[in-house]
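K.L.:
kindly return the folded structure for what I paste below:
(3 chains, ligands or ions: 1)
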Amino acid sequence: MSKKTEFGPPLNPRGRRLEAKELESITHVRAKVPAKYAWAAGTAMSRFLEELKNGKIIGRRCARCDRVLVPPRMFCERCFQPTTEWVYLPGTGVVETFSISYIDTNANRIKEPILVGVIAFDGAPPHCGIMHYFGEVKPEELKIGMPVEPVWKPKEERVGSVLDIKYFRPRRK
Amino acid sequence: MRDVAVLGVGATAFTSQTPEVNWKELIYDAAVKAYAEAGIDPRRDVDSFVTCAEDYWEGFSIFDEFTPDQLGGALRPTMTVCGDGLQGLATAYMQIKTGMFNIVVVEAHSKISELLTYEHIVELAFDPIYERPLSAEREVHPYYVAGLEMNLYLHATGTTEEQCALVAVHNRRQALNNPLAPYGARLGLQEIFHSGYAFTPLKKWEIASRADGCIVFVLAAGEIARRLTKKPLVYVEGIGWSSESPWISARSADASYARHAAQMAYRQAGITNPRRQIDVIEVEDRFAFKELQHLEALGFARPGEAGWLAQSGALGLDGELKVNLSGGSLGCGDLIEASGLQRALEIVLQLRGEAGARQVPNARVGVAQSWRGLPHGTGAVAVFARRD
Amino acid sequence: MDLKKIRKDVAVVGAGMTVFARRLQETGKEMSWEAAKMALDEAGLTLKDIDAVVLGSAPDAFDGVHKKGEWLLDGAGGTNKPFMRVYTGGGTAVFAPIAGWWHVASGMFKRVLVVCEEKMSSVQPHAQSAFAHIWDPILDRPLRPNLVWIFAMEMQRYMHKYNVRYEDIALVAVKNKRNAVGHPCAQLADPTITLDDVINSEPMALPVRRLDISPPSDGASAIVLVSEDVVYEHTDSPVWIEGVGWCLDTTMWTNRDLAFPKFLARAAKMAYEMAGIKNPRKEIDFAEPYDPFDYKELQHLEGLLLADPGEAAIMTREGKTQRDGEFPVCPSGGLLGVGNPIAATLGIKIGEVYWQLARKAGPRQVKKDVRTGVAQAWGDLMQFSAVVVMRRR
Ligand SMILES: [Zn+2]
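P.N.:
Numbering: from 1, shown residues only, chains lettered A, B, ... in the order given. Below you'll find the predicted structure:
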């Protein structure tokens, strides 16, 4: 081991930036990732998906902290206790937050923006809900706190997925 | 200096499939048992939580996101080790040794039945430029490396195929005494040979089948544990881990990762003669020959001697060395990153005298060893003891 | 938790950091080696002197390599050593050094090398494709989300609840991209960038625009940590790790108010208490909070209890967070200016605090005399933070 060395300059980084030409001539090895999974949905989420098929939103109540957890879980992460009771929610809620997205999953640019956000459900504790799309609303009309309601797919098209809800729209009186 | 004790353990049964629960519910089951045994409330008493997981086993990028709720670790210091359960245990051990953490929880699990393309994911761990094309080109199962390593080991030590096959016979039989183990069976040497070569010289039934399951450990600083319980405690006396070069072509014939890890753990635990000082042994046996190789690496036998010990009946409940009484990976199933914690669980049960039909009388010191599996040379060793 | 019983004090004695760029030429192993070698050189050590290695790297999906840590280990110097990879998503950059800290603080190792690597350019068609798998498969994945969405939602919620103006947020991008001009590793330094450039940049997921985001990058960083027992063999003026904290909130991100990072406040309190800090605003001289988006710098200053909710925007507008201001923030240039190879941002966070405290930051050296700095990183589903307090005694 060398003894107390004088330190070099603050930062003298290794590596260098490649020119655009060089970037094209790099040797590559290509491969696909063959990863396939079949996850068990679990006790709570299986019921949640079944109820979506019925056009209903369901949660689980924790008897200790009295919160209705949506999406439902078999245990409360705050109390570390089993949840005790199924609770149907009206399905309506408010816009907790939102974004107007001009990019898709793979960061491709898109012309018509996707309206997406979190819906906090009525009947659940504050800020408690799911992510989903918004529809029948102009981007500039979307506001935090706006009351919204789900628009369901026709019953025969529902398969037990969050996509059984087409989107949420401003609530009609 | 602070010591580290095992305050509680919890485990699910190990089974080939668990479709009735998702991975969170599986982990929750084991965690609830561990906390009940430790007599603690995770929301109040635990200082840090450690999960052992790898993204591709689970099918998620950043699996760490999905770890806190089922352990009681939400809004708490919670983290992931990309390693085997014993490396998770080592992490908790170090955290407690800093003096800052009093109670630390370690969780390792397998939900491997949900991975539909297991061989492809194993292959994905090979170097993508030099190593992967070899098996991809011929569509060879990546376990061919186990065949290569076994051949190397047999050649280097003079161990015979029969001696390796005996390991599979023993461990499947020993698993019949372990209510958690799914793969207990009474098989003869002939049946192992009859299963046929999978990757010469490795036979099909010398390869552990996979299983799902979860194990949770609650570790505590000695002074805290002694305050919380009057029951005799099992202590972690030493823990070591080491990694060989990741290149398959650079792999040793003698599992040097296990030797280095054992040296580190033995140094801390004051073990100078493992064969005399250690009463119960759990070593990794995903491939039957690995048990022999690991016994030698851990100093229980000279190179080439472990096979003879197996042949002379020295390995097992009635033998001189009490090895893999839990059934090992061949009997309990390959629990992926939880395998090491399953070994540690068995040692804790043995030292407490709670191992039922497979109990070693008066067991006081035990060692658990893990290996992360193909294609890597990474392993860990933990020494446990009772002091009362 | 007993925050004042640490067995061994731990100091940083060397740091290294590669150029951040689209590094197609080098493998992750090679970049890891570059950073490790630089850190060892600065510490005056060779790999033989190192007792254990800790590695940090974000999702394996960037590389398409399973057990990426095992794969990188020879590049990081881990061969035939105790080697451990820890993982807390984007928070890994500051969390891996914390793991290095407990290796030494436990008394088990005297000299530990911490290496963080990220190569995001391998995954096709875009680094975002790797993020397609970070979501809950039942609740989120069917909606085919882009990672930027949730940050846009968080930013929206933050602006709404604390009445923060977009113009003040965009100032952070301007400041950091200008600060990065002094950084030899920087990918995105821009000496002439203006507020209008940011405000008029392409909309991505509104309110987030292109210049609000630090784009993907490749690179590696490393530090050497040593125990108090041997530190003076290596340096006369060590920089000590005085406080560490980390915290992970619930997975259910749609069940939280995203406006305030409660998990960060908890991590910060843990680190401050350990460091004996009672009034962080007075006792901390500068900060390197995690800034993958400009609003995150503000939200993180507030989570670090260095500003009240909503106040960080005002501090920024008033110029207090400039490098020569009264409380410099991201003097490195941050992720917005230097680049965002996730775990490798160790070099911009822990690395920068170390260089600043050791007075080795060259053209980036902050004006005032600094003795205590804080580094922070953030990750997972907007749910994790790691905090490290460092000090020159
Ligand atoms: Zn509750």
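
K.L.:
in chain A, what residue is nearest chain B?
P.N.:
A:Gly42 (3.0 Å; Cβ to the nearest Cβ). To be clear about C-beta, it is placed using only N, CA and C from the backbone, and glycine gets the same treatment.

K.L.:
pLDDT value on that residue, please?
P.N.:
As summarised for this prediction, A:Gly42 has a pLDDT of 94.

K.L.:
before we move on, what about A:Lys3?
P.N.:
For A:Lys3, pLDDT reads 40.

K.L.:
mind checking how far B:Ala338 is from B:Arg76?
P.N.:
Remark: distance between B:Ala338 and B:Arg76 (Cβ to Cβ, to the nearest Å) = 22 Å.

K.L.:
same check, this time on A:Leu52
P.N.:
Counting by Cβ to Cβ, the separation of A:Leu52 from B:Arg76 is 32 Å.

K.L.:
same question, C:Asn340
P.N.:
C:Asn340 is 27 Å from B:Arg76, by Cβ to Cβ.

K.L.:
ok, the two, which is more surrounded?
P.N.:
C:Asn340 (28 against 21; other Cβ atoms under 10 Å in any protein chain shown).

K.L.:
is it true that A:Ile100 touches A:Pro139?
P.N.:
Yes: taking contacts as Cβ atoms under 8 Å, A:Ile100 lies within contact range of A:Pro139: 4.7 Å.

K.L.:
for residue 23, give me its contacts.
P.N.:
You didn't pick a chain, so chain A it is. Residues near A:Leu23 by Cβ atoms under 8 Å, 6 or more residues apart in numbering or on different chains: C:22, C:24.

K.L.:
correction: the question concerned chain C.
P.N.:
With Cβ under 8 Å, 6+ apart, C:Arg23 has these contacts: A:15, A:18, C:31, C:119, C:121, C:218-219.

K.L.:
in the stretch 201-350 of chain B, mark out all the strands, start to finish.
P.N.:
Counting by DSSP state E, counting those that start in this stretch, the stretch 201-350 of chain B has strands at residues B:202-203, B:213-221, B:234-243, B:280-282, B:322-323.

K.L.:
what strands flank the second one, and is each parallel or antiparallel?
P.N.:
Put plainly, it is strand B:213-221. When pairing is defined by DSSP bridges, strand B:213-221 lines up against strand B:4-11 (antiparallel), strand B:103-110 (antiparallel).

K.L.:
output that strand as PDB, restricted to C-alpha atoms.
P.N.:
Output of strand B:213-221 as PDB, limited to C-alpha atoms (Å, rounded to 0.1, in the frame of the first residue of the first chain):
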ATOM      1  CA  GLY B 213     -41.900 -20.800  -0.200                       C
ATOM      2  CA  CYS B 214     -40.900 -18.000   2.100                       C
ATOM      3  CA  ILE B 215     -38.700 -17.800   5.200                       C
ATOM      4  CA  VAL B 216     -38.500 -14.800   7.600                       C
ATOM      5  CA  PHE B 217     -35.800 -14.300  10.200                       C
ATOM      6  CA  VAL B 218     -35.900 -11.800  13.000                       C
ATOM      7  CA  LEU B 219     -32.400 -11.000  14.300                       C
ATOM      8  CA  ALA B 220     -31.700  -8.900  17.400                       C
ATOM      9  CA  ALA B 221     -28.700  -7.600  19.200                       C
END
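
K.L.:
got the angle for that strand vs strand B:234-243?
P.N.:
Taking axes from the mean of the first three to the mean of the last three Cα atoms, to 10 degrees, strand B:213-221 and strand B:234-243 form an angle of 110 degrees between their directions.

K.L.:
tell me the mean pLDDT over strand B:213-221?
P.N.:
98.

K.L.:
what about it, distance to the chain center?
P.N.:
For strand B:213-221, the separation from the chain centroid amounts to 14 Å (computed by Cα atoms, centre = their mean, to the nearest Å).

K.L.:
tell me how many other residues crowd residue 20.
P.N.:
Answering for chain A, as no chain was given. That count, for A:Ala20 with other Cβ under 10 Å as the rule, works out to 6.

K.L.:
that's the other chain; I wanted chain B
P.N.:
11.

K.L.:
per-residue pLDDT, it?
P.N.:
Model confidence at B:Glu20 (pLDDT) stands at 93.

K.L.:
does it touch A:Ala40 like I think?
P.N.:
Yes: counting by Cβ under 8 Å, A:Ala40 is a contact partner of B:Glu20 at 7.1 Å.

K.L.:
ranking helices and strands of chain C by mean pLDDT, which lands last?
P.N.:
Scoring the helices and strands of chain C by mean pLDDT, DSSP states H and E places helix C:127-131 at the bottom, with a mean of 82.

K.L.:
likewise for chain B?
P.N.:
helix B:132-138 (a mean of 78).

K.L.:
ok, it near chain C or not?
P.N.:
No: residues of helix B:132-138 are not located near chain C by Cβ under 8 Å from any Cβ of the partner chain, the shortest gap being 9.2 Å.

K.L.:
now for whichever residue of chain B sits closest to the ion: which residues touch it?
P.N.:
Scanning chain B for proximity to the ion using Cβ to the ion identifies B:Arg43 as nearest, at 9.7 Å. By Cβ under 8 Å, 6+ apart, the residues touching B:Arg43 are A:78-80, B:72.

K.L.:
next, it: phi, psi?
P.N.:
Here the main-chain torsion angles of B:Arg43 (degrees, to the nearest 10) amount to phi -80, psi -10.

K.L.:
check chain A for its longest helix and report it.
P.N.:
helix A:42-53 (DSSP state H).

K.L.:
show residues contacting it.
P.N.:
Against helix A:42-53 from outside (Cβ under 8 Å, 6+ apart): A:41, A:57-58, A:60, A:71-74, A:83, A:86, A:88, A:158-162, A:164-165, B:20-22, B:24-25, C:138.

K.L.:
residues from the stretch 51-200 of chain C in reach of the ion?
P.N.:
Within the stretch 51-200 of chain C, no position is adjacent to the ion by Cβ under 5 Å from the ion.

K.L.:
contact residues of the stretch 51-200 of chain C facing chain A?
P.N.:
Checking the stretch 51-200 of chain C against chain A by Cβ under 8 Å from any Cβ, the hits are C:61, C:64, C:125-126, C:128-129, C:132, C:137-140, C:142-146, C:148-150, C:152-154, C:156-157, C:160, C:183-185.
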